[in-house]
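> What would the 3D arrangement of this be:
(one chain, ligands or ions: 1)
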Amino acid sequence: MKAQDISREKSAELFEKAKNYFPGGVNSPVRAFKSVYGTPLFIERGDKAHLWDADGNEFIDFCCSWGPLILGHNNPQIREAVEAQLGKGLSFGAPTALENELAELIISNNKYIEKIRFVSSGTEAVMSAIRLARGYTKRDKIVKFEGCYHGHSDSLLVKAGSGLVTFGETSSAGVPKSFADETIVIGLNDKAALEQVFVDFKDQIAAVIIEGVPANNGLLIQDKEYIQFLRDITKSNGSLLIFDEVITGFRLGFEGAAKYYDIQPDILTYGKIIGGGMPVGAYGASAEIMGHISPDGGVYQAGTLSGNPVAMAAGIAALSILAQPGFYEKLESTTQAFVEELRAFIAENNLEVKIFTIGSIFWFAFTTQENIQTAAQIDPASMEKYKIMHRELLNRGVYFGPSGYEVGFISAAHSPEDLQTALAVIKDSLLVAFA
Ligand SMILES: *Cc1c(COP(=O)(O)O)cnc(C)c1O
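Residues are numbered from 1 along each chain as shown. As a prediction, this is how the structure comes out:
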(Lines give C-alpha, C1' and ligand atoms only; values in the text may rest on other atoms or scores of the structure.)
Protein backbone atom coordinates (compact mmCIF):
# COMPACT_ATOMS: atom_id res chain seq x y z
CA MET A 1 0.00 0.00 0.00
CA LYS A 2 1.13 3.54 -0.70
CA ALA A 3 2.19 5.28 2.46
CA GLN A 4 1.03 8.79 3.21
CA ASP A 5 3.51 11.46 2.09
CA ILE A 6 5.68 12.80 4.90
CA SER A 7 5.64 16.52 5.53
CA ARG A 8 8.41 18.34 3.69
CA GLU A 9 7.13 21.81 4.55
CA LYS A 10 10.24 23.09 6.35
CA SER A 11 12.60 21.44 3.88
CA ALA A 12 10.68 23.03 1.01
CA GLU A 13 10.95 26.44 2.66
CA LEU A 14 14.68 26.02 3.22
CA PHE A 15 15.13 24.81 -0.34
CA GLU A 16 13.36 27.89 -1.73
CA LYS A 17 15.68 30.06 0.33
CA ALA A 18 18.75 28.06 -0.74
CA LYS A 19 17.87 28.66 -4.39
CA ASN A 20 18.59 32.34 -3.80
CA TYR A 21 22.12 31.51 -2.74
CA PHE A 22 23.25 28.41 -4.62
CA PRO A 23 22.83 27.19 -8.19
CA GLY A 24 19.93 24.76 -7.99
CA GLY A 25 19.77 25.42 -4.25
CA VAL A 26 22.62 23.02 -3.45
CA ASN A 27 26.37 22.77 -3.09
CA SER A 28 26.62 19.45 -4.92
CA PRO A 29 24.21 18.65 -7.76
CA VAL A 30 22.86 15.21 -6.85
CA ARG A 31 21.57 16.61 -3.55
CA ALA A 32 18.89 18.48 -5.50
CA PHE A 33 16.71 15.32 -5.81
CA LYS A 34 16.33 15.83 -9.58
CA SER A 35 16.08 12.06 -10.17
CA VAL A 36 13.54 11.33 -7.43
CA TYR A 37 10.25 12.76 -6.17
CA GLY A 38 9.85 15.86 -4.09
CA THR A 39 11.96 18.49 -2.51
CA PRO A 40 15.36 17.53 -1.03
CA LEU A 41 15.28 16.89 2.68
CA PHE A 42 17.26 19.35 4.77
CA ILE A 43 18.96 17.35 7.47
CA GLU A 44 19.22 18.65 10.99
CA ARG A 45 21.12 15.91 12.75
CA GLY A 46 22.21 12.31 12.70
CA ASP A 47 22.89 9.74 15.38
CA LYS A 48 24.10 6.19 14.75
CA ALA A 49 22.14 4.96 11.72
CA HIS A 50 19.42 7.59 12.09
CA LEU A 51 18.80 10.98 10.48
CA TRP A 52 16.34 13.70 11.37
CA ASP A 53 15.21 16.32 8.87
CA ALA A 54 13.99 19.89 9.39
CA ASP A 55 10.36 18.70 9.57
CA GLY A 56 11.21 16.28 12.37
CA ASN A 57 10.96 13.17 10.18
CA GLU A 58 13.25 10.34 11.26
CA PHE A 59 14.98 7.98 8.83
CA ILE A 60 17.23 4.96 8.90
CA ASP A 61 20.09 6.14 6.71
CA PHE A 62 21.61 3.96 3.97
CA CYS A 63 23.31 6.83 2.15
CA CYS A 64 25.75 7.48 5.00
CA SER A 65 26.90 10.78 3.51
CA TRP A 66 27.63 8.91 0.26
CA GLY A 67 29.88 6.39 1.99
CA PRO A 68 32.13 8.11 4.53
CA LEU A 69 30.05 7.21 7.59
CA ILE A 70 30.97 3.55 7.95
CA LEU A 71 30.66 4.07 11.71
CA GLY A 72 27.34 5.89 11.45
CA HIS A 73 26.53 9.40 12.63
CA ASN A 74 27.88 11.02 15.76
CA ASN A 75 30.27 8.20 16.62
CA PRO A 76 31.46 8.88 20.21
CA GLN A 77 35.15 8.13 19.59
CA ILE A 78 35.29 10.40 16.55
CA ARG A 79 33.36 13.11 18.33
CA GLU A 80 35.67 12.99 21.36
CA ALA A 81 38.78 13.11 19.16
CA VAL A 82 37.45 16.16 17.34
CA GLU A 83 36.43 17.84 20.58
CA ALA A 84 39.87 17.22 22.05
CA GLN A 85 41.46 18.96 19.08
CA LEU A 86 39.07 21.92 19.03
CA GLY A 87 40.62 23.72 21.98
CA LYS A 88 44.07 23.53 20.38
CA GLY A 89 43.34 25.34 17.14
CA LEU A 90 41.73 24.51 13.84
CA SER A 91 44.60 24.93 11.40
CA PHE A 92 48.26 25.90 11.48
CA GLY A 93 49.55 25.44 7.95
CA ALA A 94 52.51 23.70 9.56
CA PRO A 95 53.18 20.00 10.17
CA THR A 96 51.56 18.29 13.17
CA ALA A 97 52.12 14.95 14.88
CA LEU A 98 48.55 14.03 13.96
CA GLU A 99 49.52 13.70 10.30
CA ASN A 100 52.29 11.26 11.24
CA GLU A 101 49.88 9.31 13.38
CA LEU A 102 47.26 8.89 10.66
CA ALA A 103 49.89 8.07 8.03
CA GLU A 104 51.49 5.47 10.29
CA LEU A 105 48.13 3.90 11.05
CA ILE A 106 47.38 3.61 7.35
CA ILE A 107 50.77 2.60 6.01
CA SER A 108 51.53 0.03 8.70
CA ASN A 109 48.22 -1.68 7.94
CA ASN A 110 48.29 -1.35 4.16
CA LYS A 111 50.93 -3.20 2.20
CA TYR A 112 50.01 -1.49 -1.07
CA ILE A 113 51.44 1.94 -0.25
CA GLU A 114 54.74 3.10 1.17
CA LYS A 115 54.16 6.84 1.17
CA ILE A 116 51.04 8.95 1.23
CA ARG A 117 50.04 12.60 0.73
CA PHE A 118 46.92 14.00 2.42
CA VAL A 119 44.64 16.37 0.52
CA SER A 120 41.12 17.63 1.22
CA SER A 121 38.80 15.72 -1.13
CA GLY A 122 38.56 12.68 -3.36
CA THR A 123 38.59 14.91 -6.42
CA GLU A 124 41.86 16.47 -5.32
CA ALA A 125 43.37 13.04 -4.59
CA VAL A 126 42.56 11.70 -8.05
CA MET A 127 43.54 14.89 -9.84
CA SER A 128 46.92 14.74 -8.10
CA ALA A 129 47.35 11.03 -8.84
CA ILE A 130 46.80 11.72 -12.54
CA ARG A 131 49.40 14.49 -12.49
CA LEU A 132 51.81 12.18 -10.68
CA ALA A 133 51.28 9.44 -13.26
CA ARG A 134 51.90 11.91 -16.09
CA GLY A 135 54.96 13.35 -14.40
CA TYR A 136 56.36 9.93 -13.59
CA THR A 137 55.87 8.39 -17.04
CA LYS A 138 56.45 11.62 -19.01
CA ARG A 139 53.34 10.71 -21.01
CA ASP A 140 50.09 12.67 -21.37
CA LYS A 141 47.19 10.36 -22.11
CA ILE A 142 45.07 8.55 -19.59
CA VAL A 143 42.48 5.83 -20.02
CA LYS A 144 39.29 5.75 -17.97
CA PHE A 145 36.18 3.61 -18.14
CA GLU A 146 32.61 4.55 -18.92
CA GLY A 147 30.66 4.15 -15.69
CA CYS A 148 33.50 5.15 -13.36
CA TYR A 149 33.43 8.48 -11.53
CA HIS A 150 36.68 10.01 -10.37
CA GLY A 151 35.63 13.42 -9.10
CA HIS A 152 35.20 16.61 -11.08
CA SER A 153 38.70 17.55 -12.28
CA ASP A 154 38.92 18.53 -15.96
CA SER A 155 40.77 15.43 -17.18
CA LEU A 156 38.12 13.16 -15.72
CA LEU A 157 34.89 14.87 -16.73
CA VAL A 158 35.03 12.99 -19.97
CA LYS A 159 32.69 10.38 -21.38
CA ALA A 160 32.91 7.99 -24.29
CA GLY A 161 32.66 9.73 -27.64
CA SER A 162 30.10 8.66 -30.20
CA GLY A 163 31.24 6.74 -33.23
CA LEU A 164 34.35 4.65 -33.56
CA VAL A 165 36.95 7.05 -32.22
CA THR A 166 38.06 6.35 -28.71
CA PHE A 167 38.72 10.00 -27.90
CA GLY A 168 36.52 11.16 -25.09
CA GLU A 169 33.97 13.94 -25.18
CA THR A 170 33.72 16.35 -22.29
CA SER A 171 30.84 15.57 -19.96
CA SER A 172 30.75 19.13 -18.66
CA ALA A 173 30.70 22.53 -20.28
CA GLY A 174 33.90 24.40 -19.54
CA VAL A 175 36.29 21.50 -20.08
CA PRO A 176 38.48 22.31 -23.11
CA LYS A 177 38.27 19.79 -25.92
CA SER A 178 42.06 19.66 -25.92
CA PHE A 179 41.90 18.30 -22.35
CA ALA A 180 39.33 15.70 -23.32
CA ASP A 181 41.60 14.62 -26.16
CA GLU A 182 44.11 13.45 -23.56
CA THR A 183 41.52 11.19 -21.92
CA ILE A 184 40.50 8.00 -23.66
CA VAL A 185 37.25 6.46 -22.50
CA ILE A 186 36.33 2.83 -23.12
CA GLY A 187 33.79 0.36 -21.73
CA LEU A 188 34.48 -1.76 -18.68
CA ASN A 189 35.13 -5.47 -19.07
CA ASP A 190 36.23 -5.11 -22.70
CA LYS A 191 39.75 -6.41 -23.13
CA ALA A 192 39.87 -5.94 -26.89
CA ALA A 193 39.07 -2.23 -26.59
CA LEU A 194 41.95 -1.65 -24.20
CA GLU A 195 44.34 -3.73 -26.28
CA GLN A 196 43.42 -1.54 -29.27
CA VAL A 197 44.07 1.63 -27.26
CA PHE A 198 47.56 0.43 -26.44
CA VAL A 199 48.17 -0.21 -30.14
CA ASP A 200 46.70 3.12 -31.29
CA PHE A 201 48.48 5.17 -28.63
CA LYS A 202 51.66 3.20 -28.20
CA ASP A 203 54.00 4.77 -25.61
CA GLN A 204 51.54 7.62 -24.97
CA ILE A 205 49.44 6.22 -22.12
CA ALA A 206 50.51 7.50 -18.70
CA ALA A 207 47.93 5.55 -16.75
CA VAL A 208 44.79 3.49 -16.74
CA ILE A 209 42.45 4.48 -13.93
CA ILE A 210 39.61 2.39 -12.56
CA GLU A 211 37.47 2.57 -9.44
CA GLY A 212 38.51 -0.19 -7.04
CA VAL A 213 35.05 -1.58 -7.62
CA PRO A 214 32.99 0.77 -9.79
CA ALA A 215 30.26 2.02 -7.45
CA ASN A 216 29.22 5.42 -8.76
CA ASN A 217 27.04 4.31 -11.63
CA GLY A 218 25.41 1.27 -10.18
CA LEU A 219 27.64 -1.37 -8.66
CA LEU A 220 29.62 -2.82 -11.57
CA ILE A 221 31.56 -5.65 -9.97
CA GLN A 222 34.42 -6.71 -12.24
CA ASP A 223 36.02 -10.14 -12.43
CA LYS A 224 39.40 -10.44 -10.80
CA GLU A 225 40.72 -11.84 -14.05
CA TYR A 226 39.86 -8.56 -15.83
CA ILE A 227 41.60 -6.48 -13.16
CA GLN A 228 44.63 -8.75 -13.49
CA PHE A 229 44.50 -8.08 -17.25
CA LEU A 230 44.60 -4.33 -16.51
CA ARG A 231 47.61 -4.91 -14.26
CA ASP A 232 49.43 -6.94 -16.91
CA ILE A 233 48.73 -4.73 -19.93
CA THR A 234 49.69 -1.52 -18.13
CA LYS A 235 52.90 -3.06 -16.85
CA SER A 236 53.95 -4.42 -20.23
CA ASN A 237 53.31 -1.01 -21.82
CA GLY A 238 55.15 1.06 -19.23
CA SER A 239 51.90 2.67 -18.04
CA LEU A 240 50.72 2.99 -14.46
CA LEU A 241 47.60 1.41 -13.03
CA ILE A 242 45.63 3.66 -10.69
CA PHE A 243 43.00 2.26 -8.33
CA ASP A 244 40.62 5.03 -7.36
CA GLU A 245 39.66 3.71 -3.94
CA VAL A 246 37.76 6.78 -2.79
CA ILE A 247 34.75 4.52 -2.12
CA THR A 248 36.36 1.09 -1.74
CA GLY A 249 39.30 2.22 0.42
CA PHE A 250 38.53 1.34 4.07
CA ARG A 251 35.15 0.02 2.85
CA LEU A 252 35.94 -3.38 1.33
CA GLY A 253 38.49 -3.81 4.07
CA PHE A 254 41.26 -1.74 5.58
CA GLU A 255 43.32 -2.37 2.44
CA GLY A 256 40.41 -1.82 0.09
CA ALA A 257 40.03 -3.30 -3.36
CA ALA A 258 43.78 -3.85 -3.80
CA LYS A 259 43.62 -6.49 -1.07
CA TYR A 260 40.26 -7.79 -2.29
CA TYR A 261 41.79 -8.59 -5.69
CA ASP A 262 45.25 -9.15 -4.24
CA ILE A 263 46.64 -6.93 -7.00
CA GLN A 264 49.23 -4.19 -6.49
CA PRO A 265 48.31 -1.04 -8.42
CA ASP A 266 50.89 1.72 -8.91
CA ILE A 267 48.95 4.59 -7.34
CA LEU A 268 45.96 4.44 -5.00
CA THR A 269 43.58 7.24 -4.12
CA TYR A 270 41.43 7.56 -1.01
CA GLY A 271 38.69 9.84 0.27
CA LYS A 272 35.29 9.51 1.91
CA ILE A 273 35.88 7.13 4.88
CA ILE A 274 39.50 8.21 5.45
CA GLY A 275 38.50 11.43 7.24
CA GLY A 276 35.87 9.90 9.52
CA GLY A 277 33.31 12.35 8.11
CA MET A 278 35.68 15.32 7.77
CA PRO A 279 37.01 16.46 4.35
CA VAL A 280 40.13 14.36 3.75
CA GLY A 281 41.50 12.71 0.64
CA ALA A 282 44.84 11.03 0.03
CA TYR A 283 46.93 9.38 -2.60
CA GLY A 284 49.69 6.89 -2.05
CA ALA A 285 52.17 4.73 -3.92
CA SER A 286 55.62 3.21 -3.58
CA ALA A 287 58.30 5.45 -2.06
CA GLU A 288 59.90 5.55 -5.50
CA ILE A 289 56.83 6.87 -7.29
CA MET A 290 55.92 9.25 -4.44
CA GLY A 291 59.46 10.58 -4.64
CA HIS A 292 58.32 12.49 -7.73
CA ILE A 293 56.00 14.69 -5.66
CA SER A 294 57.22 18.12 -4.58
CA PRO A 295 59.29 19.05 -2.64
CA ASP A 296 61.21 15.80 -3.33
CA GLY A 297 60.36 15.74 -7.02
CA GLY A 298 59.09 17.82 -9.88
CA VAL A 299 55.35 17.10 -9.68
CA TYR A 300 53.81 20.04 -7.85
CA GLN A 301 50.94 19.51 -5.43
CA ALA A 302 50.07 21.54 -2.34
CA GLY A 303 47.21 22.47 0.00
CA THR A 304 46.65 25.22 2.56
CA LEU A 305 44.36 23.04 4.67
CA SER A 306 45.94 19.67 3.76
CA GLY A 307 46.47 17.45 6.79
CA ASN A 308 44.09 19.67 8.75
CA PRO A 309 44.48 18.74 12.43
CA VAL A 310 40.77 18.42 13.21
CA ALA A 311 40.22 16.26 10.14
CA MET A 312 43.30 14.17 10.99
CA ALA A 313 42.00 13.61 14.52
CA ALA A 314 38.68 12.40 13.12
CA GLY A 315 40.47 10.12 10.64
CA ILE A 316 42.68 8.61 13.34
CA ALA A 317 39.70 7.88 15.58
CA ALA A 318 37.72 6.31 12.72
CA LEU A 319 40.53 4.24 11.22
CA SER A 320 41.61 2.98 14.67
CA ILE A 321 38.22 1.35 14.99
CA LEU A 322 38.31 -0.04 11.45
CA ALA A 323 41.76 -1.55 12.03
CA GLN A 324 40.43 -3.76 14.83
CA PRO A 325 40.28 -7.47 13.95
CA GLY A 326 36.89 -8.69 12.79
CA PHE A 327 35.43 -5.26 12.02
CA TYR A 328 34.95 -5.86 8.30
CA GLU A 329 33.98 -9.51 8.64
CA LYS A 330 31.12 -8.56 10.92
CA LEU A 331 29.92 -5.73 8.70
CA GLU A 332 30.05 -7.91 5.62
CA SER A 333 28.13 -10.78 7.17
CA THR A 334 25.50 -8.33 8.41
CA THR A 335 25.19 -6.99 4.87
CA GLN A 336 25.03 -10.49 3.39
CA ALA A 337 22.17 -11.51 5.68
CA PHE A 338 20.32 -8.27 4.87
CA VAL A 339 20.70 -8.75 1.13
CA GLU A 340 19.87 -12.47 1.26
CA GLU A 341 16.57 -11.81 2.99
CA LEU A 342 15.65 -9.26 0.33
CA ARG A 343 16.68 -11.59 -2.46
CA ALA A 344 14.44 -14.32 -1.05
CA PHE A 345 11.55 -11.86 -0.93
CA ILE A 346 12.23 -10.75 -4.50
CA ALA A 347 12.27 -14.36 -5.69
CA GLU A 348 9.05 -15.25 -3.83
CA ASN A 349 7.28 -12.32 -5.43
CA ASN A 350 8.84 -12.67 -8.86
CA LEU A 351 9.97 -9.05 -8.90
CA GLU A 352 12.21 -7.87 -11.73
CA VAL A 353 14.92 -6.47 -9.55
CA LYS A 354 18.35 -7.71 -8.51
CA ILE A 355 20.57 -6.73 -5.63
CA PHE A 356 24.28 -6.65 -6.25
CA THR A 357 26.55 -6.47 -3.24
CA ILE A 358 30.17 -6.44 -2.16
CA GLY A 359 31.50 -5.79 1.34
CA SER A 360 28.95 -3.45 2.95
CA ILE A 361 27.84 -1.90 -0.35
CA PHE A 362 24.60 -2.87 -2.09
CA TRP A 363 22.75 -1.75 -5.22
CA PHE A 364 19.22 -2.35 -6.45
CA ALA A 365 19.18 -2.93 -10.21
CA PHE A 366 15.78 -3.06 -11.82
CA THR A 367 16.76 -5.61 -14.42
CA THR A 368 16.30 -9.22 -15.45
CA GLN A 369 19.96 -9.59 -16.44
CA GLU A 370 22.00 -12.02 -14.39
CA ASN A 371 24.95 -9.70 -14.17
CA ILE A 372 25.66 -6.03 -14.81
CA GLN A 373 29.32 -5.16 -15.35
CA THR A 374 29.19 -2.20 -17.73
CA ALA A 375 27.42 1.14 -17.79
CA ALA A 376 25.82 0.24 -21.13
CA GLN A 377 23.95 -2.64 -19.51
CA ILE A 378 21.94 -0.27 -17.30
CA ASP A 379 18.60 0.65 -18.81
CA PRO A 380 17.83 4.31 -17.96
CA ALA A 381 14.10 3.52 -18.14
CA SER A 382 14.52 1.18 -15.16
CA MET A 383 15.17 4.22 -12.98
CA GLU A 384 11.43 4.97 -12.94
CA LYS A 385 10.95 2.04 -10.58
CA TYR A 386 13.72 3.31 -8.30
CA LYS A 387 12.03 6.69 -8.21
CA ILE A 388 8.84 5.17 -6.87
CA MET A 389 10.72 2.96 -4.42
CA HIS A 390 12.69 5.97 -3.16
CA ARG A 391 9.53 7.96 -2.42
CA GLU A 392 7.92 5.00 -0.65
CA LEU A 393 11.07 4.42 1.40
CA LEU A 394 11.16 8.03 2.57
CA ASN A 395 7.48 7.92 3.42
CA ARG A 396 8.19 4.91 5.64
CA GLY A 397 11.35 6.27 7.27
CA VAL A 398 14.21 4.85 5.21
CA TYR A 399 16.70 7.15 3.48
CA PHE A 400 18.45 5.94 0.29
CA GLY A 401 20.59 8.04 -2.06
CA PRO A 402 18.42 10.21 -4.36
CA SER A 403 19.25 8.37 -7.60
CA GLY A 404 18.92 4.81 -8.79
CA TYR A 405 22.52 4.91 -9.98
CA GLU A 406 23.73 5.35 -6.40
CA VAL A 407 24.68 2.45 -4.19
CA GLY A 408 23.60 1.98 -0.58
CA PHE A 409 25.90 1.53 2.40
CA ILE A 410 25.50 -0.34 5.67
CA SER A 411 27.37 1.04 8.64
CA ALA A 412 28.52 -0.56 11.88
CA ALA A 413 25.93 1.65 13.60
CA HIS A 414 22.99 -0.11 11.90
CA SER A 415 21.55 -2.21 14.73
CA PRO A 416 19.74 -5.52 14.15
CA GLU A 417 16.49 -3.66 14.94
CA ASP A 418 17.30 -0.93 12.39
CA LEU A 419 17.90 -3.57 9.75
CA GLN A 420 14.73 -5.51 10.60
CA THR A 421 12.69 -2.31 10.37
CA ALA A 422 14.37 -1.36 7.11
CA LEU A 423 13.80 -4.82 5.60
CA ALA A 424 10.06 -4.56 6.17
CA VAL A 425 10.02 -1.04 4.73
CA ILE A 426 12.04 -2.00 1.66
CA LYS A 427 9.77 -4.97 0.97
CA ASP A 428 6.64 -2.81 1.16
CA SER A 429 8.25 -0.14 -1.03
CA LEU A 430 9.29 -2.68 -3.65
CA LEU A 431 5.74 -3.98 -3.84
CA VAL A 432 4.47 -0.46 -4.46
CA ALA A 433 7.11 0.08 -7.15
CA PHE A 434 5.87 -3.04 -8.94
CA ALA A 435 2.14 -2.48 -8.30
C1 LIG B 1 33.34 10.42 -4.40
C2 LIG B 1 34.38 9.96 -5.35
C3 LIG B 1 35.36 10.84 -5.86
C4 LIG B 1 35.34 12.32 -5.56
O5 LIG B 1 35.49 12.58 -4.20
P6 LIG B 1 34.99 14.01 -3.63
O7 LIG B 1 35.41 13.95 -2.20
O8 LIG B 1 33.52 14.04 -3.85
O9 LIG B 1 35.71 15.05 -4.40
C10 LIG B 1 36.35 10.32 -6.65
N11 LIG B 1 36.39 9.01 -6.95
C12 LIG B 1 35.47 8.14 -6.49
C13 LIG B 1 35.60 6.69 -6.83
C14 LIG B 1 34.43 8.59 -5.70
O15 LIG B 1 33.50 7.74 -5.27
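> From the rest of the structure, what touches stretch 99-111?
113-116, 118, 254-256, 259, 274, 282, 284, 307, 312, 315-316, 319-320, 323 (Cβ atoms under 8 Å, 6 or more residues apart in numbering). All C-beta spots, glycine's among them, are computed from the backbone N, C-alpha and C.
> Then stretch 223-231?
By Cβ under 8 Å, 6+ apart, the residues outside stretch 223-231 that reach it are 188-189, 191, 194, 208, 210, 241, 261-265, 373.
> hmm, try it at 7 Å
Contacts with stretch 223-231, where a contact means Cβ atoms under 7 Å, 6 or more residues apart in numbering, come from 189, 191, 208, 210, 241, 261, 263.
> Also within reach of the ligand: list those from these.
With Cβ under 6 Å from any ligand atom as the criterion, the contacts of stretch 223-231 include none near the ligand.
> Just put those residues in JSON lines and tack on neighbour count.
Listed next are the contacts of stretch 223-231 as JSON lines, based on neighbours: other Cβ atoms under 10 Å:
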{"residue": "189", "neighbour count": "17"}
{"residue": "191", "neighbour count": "12"}
{"residue": "208", "neighbour count": "26"}
{"residue": "210", "neighbour count": "23"}
{"residue": "241", "neighbour count": "22"}
{"residue": "261", "neighbour count": "22"}
{"residue": "263", "neighbour count": "17"}
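> of all those, which comes closest to the ligand?
The nearest member of the contacts of stretch 223-231 to the ligand, counting by Cβ to the nearest ligand atom, is residue 210 at 9.4 Å.
> Contact residues of this structure facing the ligand?
Close to the ligand, as judged by Cβ under 6 Å from any ligand atom, the chain has residues 121-123, 126, 149-151, 211, 216, 244, 246-247, 271-272, 281.
> Looking at those residues, which are in strands?
Counted as lying in strands by DSSP state E, out of these, are 211, 244, 281.
> wait, which of the contacts of stretch 223-231 is closest to residue 14?
Set against residue 14, the nearest of those by Cβ to Cβ is residue 210 (38.3 Å).
> what are the phi and psi values for residue 375?
The phi/psi pair for residue 375 (degrees, to the nearest 10) reads phi -60, psi -40.
> Ignoring the adjacent residues along the chain, who's closest to it?
Spatial nearest neighbour of residue 375, excluding adjacent residues (Cβ to Cβ, 6 or more residues apart in numbering): residue 147 at 3.1 Å.
> unless I'm mixing things up, residue 113 is touching residue 282, no?
No - counting by Cβ atoms under 7 Å, residue 113 stays clear of residue 282, with 8.9 Å between them.
> neighbour-wise, which of the two wins?
residue 282 (30 against 24; other Cβ atoms under 10 Å).
> and the gap between residue 136 and residue 143?
16 Å (Cβ to Cβ, to the nearest Å).
> Ok, residue 238 next?
Distance, residue 238 to residue 143, by Cβ to Cβ: 14 Å.
> More neighbours: these two, which one.
Using other Cβ under 10 Å as the criterion, residue 238 and residue 143 rank with residue 143 on top: 25 against 12.
> For the more buried one, list each beta-bridge partner.
Bridge pairing for residue 143 (DSSP bridges) gives the partners residue 184, residue 208.
> so after the longest helix seen in the chain, what's the next helix or strand?
Longest helix in the chain, counting residues (DSSP state H): helix 327-348. Remark: after helix 327-348, the chain's next helix or strand is strand 354-358, criterion DSSP states H and E.
> Check which strands are paired with that next one and give the direction for each one.
Strand 354-358 has these strand partners (DSSP bridges): strand 361-365 (antiparallel).
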